[in-house]
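Peer 1: model this:
(one chain, ligands or ions: 1)
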Amino acid sequence: MRKNIVAGNWKMNCTLPEGKKLASEVIHMVEDEVKNDAQVILIPPFIHLTGIHSLIGSSNKVLLGAQNCHQSQSGAFTGEVSAAMLVSSGATHVILGHSERREYFGETDELLAEKIKFTLENNLTPIFCCGEKLEVREANDHERLVSLQVEKALFNLSSEDIIKVVIAYEPVWAIGTGVTASAEQAQEMHAFIRNHIALKYDQEVAAEISILYGGSVKPENAKEIFSQPDVDGGLIGGASLKSRDFTNIVKAFD
Ligand code: PEP
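Peer 2: Okay, the predicted model is just below:
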């Protein structure tokens, strides 16, 4: 059974005291108020992982994720962080292929395929991001582009491994812009991705994979988007920096 997930990507925001305050507020609100069983994942910058992990403690609702990792176990890669380091800091998840990594750091689907294989070997769950830019959507080429992203990054995995991956469909035109895909647009793309996986693997494998929507999700639109049959939660940027907004997004599953 696939899980509902709400993951908060803090990006390069929050000093350590700010991050601890934000995380404490979210953890308490989630523990006190949330009735559903969605997994909540806090995704701070690398340097805050251990500090936030100690606040999460033994919470069974809130988990910890990282925003990226390197595709090697260790070695001379100054400034990089490995999957094993993330696991040893308490992370269970890692975002790979966020559009900002693709755009500003030149990450390709081929590189992401290596990273994904590697994170799975280290028992870290990748949250693989895909999604089209505005010009691709306007040219009505978004299905072709997203299917290629998914194929190149994931289709070398076995059935046993691909079901461990979380996918985040994040149309680039909706990230941080305040423009959200409509619930229908999100459902259409999520169903398309799931069907694409079913054609390569099978329906059972496709049905096991959580597909999150990302792009200007707010408390006001979360319920409608999350109620779509193929939308299993959200990857949240801006609204994850406000504890009340983020918790209310989690509560959209109540
Ligand atoms: C993101 O960066 O993954 C994201 C979805 O950001 P926002 O919610 O701010 O659009």
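Peer 1: now the stretch 1-150 of the chain against the ligand: closest residue?
Peer 2: Asn9 (4.8 Å; Cβ to the nearest ligand atom). Placement of C-beta: from N, CA and C, glycine included.
Peer 1: ok, what's across the strand from that residue?
Peer 2: With DSSP bridges as the criterion, Asn9 is bridged to Ile43.
Peer 1: for it, what are its contacts?
Peer 2: Neighbour list for Asn9: 43, 67, 95, 98, 214, 235-237, 240 [criterion: Cβ atoms under 8 Å, 6 or more residues apart in numbering].
Peer 1: neighbours of the residue in the chain that the ligand sits nearest to, how many?
Peer 2: Going by Cβ to the nearest ligand atom, the ligand is nearest to Gly237 of the chain, at 2.1 Å. Neighbours of Gly237 under the rule other Cβ atoms under 10 Å: 22.
Peer 1: can you give me the pLDDT of it?
Peer 2: If you check Gly237, the pLDDT there is 97.
Peer 1: just Met1 next, same as before
Peer 2: With respect to pLDDT, Met1 has a value of 88.
Peer 1: check contacts around it.
Peer 2: Glu208.
Peer 1: circling back to that earlier point, distance of the residue nearest to the residue of the chain closest to the ligand when sequence neighbours are not counted from Asp141?
Peer 2: Among residues not flanking Gly237 along the chain, Asn9 sits closest, at 5.3 Å (Cβ to Cβ, 6 or more residues apart in numbering). Using Cβ to Cβ, to the nearest Å, Asn9 is found at 26 Å from Asp141.
Peer 1: buried stuff in the helix or strand of the chain with the lowest mean pLDDT?
Peer 2: Within the chain, no helix or strand scores below helix 134-138, which has a mean of 95 by mean pLDDT, DSSP states H and E. By neighbour count on 16 or more other Cβ atoms under 10 Å, the buried set for helix 134-138 is 136-137.
Peer 1: elements contacting the following helix or strand past that helix?
Peer 2: Sequence-wise, the next helix or strand downstream of helix 134-138 (DSSP states H and E) is helix 142-154. Judged by 3 or more Cβ pairs under 8 Å, 6 or more residues apart in numbering; DSSP states H and E, the packing partners of helix 142-154 are helix 109-121, strand 125-130, strand 166-169, helix 183-200.
Peer 1: tell me what the last one is packed against?
Peer 2: It refers to helix 183-200. Helix 183-200 packs on helix 142-154, strand 166-169, helix 203-208, strand 211-214, helix 219-226, going by 3+ Cβ pairs under 8 Å, 6+ apart.
Peer 1: for the ones you listed, give me JSON lines that also has mean pLDDT, distance to the ligand and mean neighbour count.
Peer 2: Formatted as JSON lines, the helices and strands packed on helix 183-200 follow (pLDDT from 0 to 100; distance: least, Cβ to the nearest ligand atom, whole Å; neighbours: other Cβ atoms under 10 Å):
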{"stretch": "helix 142-154", "mean pLDDT": "98", "distance to the ligand": "15", "mean neighbour count": "19"}
{"stretch": "strand 166-169", "mean pLDDT": "98", "distance to the ligand": "7", "mean neighbour count": "27"}
{"stretch": "helix 203-208", "mean pLDDT": "98", "distance to the ligand": "23", "mean neighbour count": "15"}
{"stretch": "strand 211-214", "mean pLDDT": "98", "distance to the ligand": "4", "mean neighbour count": "27"}
{"stretch": "helix 219-226", "mean pLDDT": "97", "distance to the ligand": "11", "mean neighbour count": "19"}
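Peer 1: picking up where we left off before, for the least confident helix or strand of the chain, give me every contacting residue.
Peer 2: Contact partners of helix 134-138, identified using Cβ under 8 Å, 6+ apart, comprise 142, 145, 171-173.
Peer 1: one step back: how far away is the residue of the chain closest to the ligand from Phe246?
Peer 2: 11 Å.
Peer 1: inside strands: which ones of the contacts of Asn9?
Peer 2: 43, 95, 214, 235-236 (DSSP state E).
Peer 1: which residues are in contact with stretch 145-157?
Peer 2: 97, 109-110, 112-113, 116-117, 120, 128, 130-132, 136, 162, 165, 167, 169, 189, 192-193, 196-197, 200.
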